[in-house]
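Asks: would you be able to build a 3D model of this:
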Amino acid sequence: MSEETVPQQGGTRQPKGLLQQMEELMAALNADLSALDADLQASGDAGRETVEEGRAG
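Replies: Numbers count the residues shown, from 1 in each chain. Next up is the predicted model:
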């Protein structure tokens with residue numbers, strides 16, 4: 001597969017290489033997964049507290 005350049009949108013900005021695009025996508029995915037993990041951990045902790053309160057009462 002050859003690396004094709006994307007047409008530039010005004011200006012002299014160099015097109016990003018495939019490796020750079022993949023690194024940026026992986027960084028964004030990692031950030032999204034970290035945020036999702038934090039949300040799930042927080043909701044799991046809240047759910048666990050509710051279950052424990054139900055058992056105690």
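Asks: what's Arg13 sitting at in phi/psi?
Replies: Dihedral pair for Arg13: phi -60, psi 130, per degrees, to the nearest 10.
Asks: ranges for the strands of the protein?
Replies: Read by DSSP state E, the chain holds no strands at all.
Asks: any idea how far Ala46 lies from Leu40?
Replies: As defined by Cβ to Cβ, to the nearest Å, Ala46 lies at a distance of 11 Å from Leu40. (Each C-beta comes from the backbone N, C-alpha and C, glycine too.)
Asks: er, Gly17 actually
Replies: Distance of Gly17 to Leu40, given as Cβ to Cβ: 34 Å.
Asks: got it, and Ala31?
Replies: Noted for Ala31: a distance of 15 Å to Leu40, by Cβ to Cβ.
Asks: could you list the low-pLDDT ranges of the protein?
Replies: Residue ranges of the chain with pLDDT under 70: 1-11, 47-57.
Asks: which residues of it fall in helices?
Replies: With helices called from DSSP state H, the chain shows them at 18-56.
Asks: and for Pro15, the neighbour number?
Replies: Number of residues near Pro15 (other Cβ atoms under 10 Å) recorded here: 13.
Asks: ok, it to Ala46 distance?
Replies: Taken as Cβ to Cβ, the span from Pro15 to Ala46 is 46 Å.
Asks: before we move on, what about Ser34?
Replies: Ser34 is 19 Å from Ala46, by Cβ to Cβ.
Asks: before we move on, what about Ala27?
Replies: Distance of Ala27 to Ala46, computed by Cβ to Cβ: 29 Å.
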